[in-house]
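In: Provided below are the primary sequence and the corresponding predicted coordinates.
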Amino acid sequence: MVVSSLNDSPPPLLFWLLGSVLIYALATNALWLARFFATRRLTARDCHPERAEGSFSVLVKFFAALPGQAARTGKMARGGWLWEVGRFVFYLGIPYLVLGGWPLQPFQGLLSLQEIGFVGLGSWTVTRWLAAVGTGLGLGSVALVILFFAWHQANDILRLPRDAWWAIIIDAIYMEAHWTFYRASLAVLLGDLYLGVFAGLGLVYAEWAANPFWRRGWAEESQAAGQWLRAALAMVSALIFLLTQNLWICLTAHWLVELVFYSHSRQKAHNPPAVVG
């Protein structure tokens, strides 16, 4: 890895990194404002139905329907193809461009597959794979026990969102690709894996802090548990990556933790507590 000195011009990788954060902050705040004004417009329409005519009302309904639970990952609404395309381009498109998808130098091929942890079965020995899997399962299991215990103690207040299982898998792919892009980029820029991983984790938290949906979500009982889980998963993923440098292990641990909570939430929803007295 080559790290630019402080006297050099800003490295191209830094532009991708800051651009990603800027896009996220601008998009979430713009959608927050759009939702705010759309909600006000719908309120006014309810008071004056005669003013609700026009095709613009379709856009108003779309923005007003953006749920607050979007703070969990930055997702705003499921089912809208335009929004899903936007999420795909942001979470997977930017890392792809940095890896080599961008056609022009010097912004092309700034990260390697190995640096982001995208390793193949043949590039690692069986012993190394077993060690990485053991580390991932160990950290994932410890994190699962701690998170489950903490969530169970607050179960009277906190509720996890019951997303579809396929939505959890897709979100995990998006999140892990996004997180590993940040930590790998900073590891290259700083010339240190340890600093890069935790600086990347801090950047993820700072990015969420810039998201008004995320900030508002902490005040909502239906969202707070999901946000605690996502924040903890970001830290667990960072630790696993630091010890294994393997994106597949991070992704697997992420899936397992989320799906365990998903299954438990569904089971609890189907078995409400008995009424006493």
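Out: Great, that's in hand. These figures come from a predicted structure and were not determined experimentally. Numbering: from 1, shown residues only.

In: any buried residues in the helix or strand harbouring residue 188, and which?
Out: If you go by DSSP states H and E, residue 188 is part of helix 165-190. Across helix 165-190, burial judged by 16 or more other C-beta atoms under 10 Å covers 168-190. To be clear about C-beta, it is placed using only N, CA and C from the backbone, and glycine gets the same treatment.

In: which strands and helices lie in contact with it?
Out: helix 12-47, helix 94-96, helix 193-209, helix 221-244, helix 247-270 (3 or more C-beta pairs under 8 Å, 6 or more residues apart in numbering; DSSP states H and E).

In: make TSV from the ones you listed and add mean pLDDT and mean neighbour count to it.
Out: TSV is the format used below for those (pLDDT from 0 to 100; neighbours: other C-beta atoms under 10 Å):
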stretch	mean pLDDT	mean neighbour count
helix 12-47	83	15
helix 94-96	94	19
helix 193-209	96	18
helix 221-244	88	20
helix 247-270	80	18
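
In: quick one, what contacts the residue most central in space within the chain?
Out: A centroid search over the chain (C-alpha atoms, centre = their mean) returns residue 175, at 3.6 Å, as the residue closest to the centre. Residues near residue 175 by C-beta atoms under 8 Å, 6 or more residues apart in numbering: 73, 91, 230, 233-234, 237, 254.

In: give me that answer again for 6 Å
Out: Residue 175 makes no contacts at all, as judged by C-beta atoms under 6 Å, 6 or more residues apart in numbering.

In: can you pull the buried residues of the strand or helix carrying residue 129?
Out: Per DSSP H and E, residue 129 falls inside helix 126-153. By neighbour count with 16+ other C-beta under 10 Å, helix 126-153 contains the buried residues 129, 132-133, 135-136, 139-140, 143-144, 147, 151.

In: any idea how many residues pack against residue 216?
Out: Each residue near residue 216 was counted by other C-beta atoms under 10 Å, and the total is 14.

In: how many other residues sit next to residue 115?
Out: When counting by other C-beta under 10 Å, one arrives at 19 neighbours for residue 115.

In: surely it is in contact with residue 184?
Out: Yes. The criterion here is C-beta atoms under 6 Å, and residue 115 meets it with residue 184 at 4.7 Å.

In: per-residue pLDDT, residue 166?
Out: Per-residue pLDDT puts residue 166 at 82.

In: next: residue 150.
Out: Residue 150 carries a pLDDT score of 71 in this model.

In: got the contact list for the nearest residue to residue 133 once chain neighbours are set aside?
Out: Spatially, and ignoring its direct neighbours in sequence, residue 133 is nearest to residue 249 (6.4 Å; C-beta to C-beta, 6 or more residues apart in numbering). Neighbour list for residue 249: 132, 136, 240 [criterion: C-beta under 6 Å, 6+ apart].
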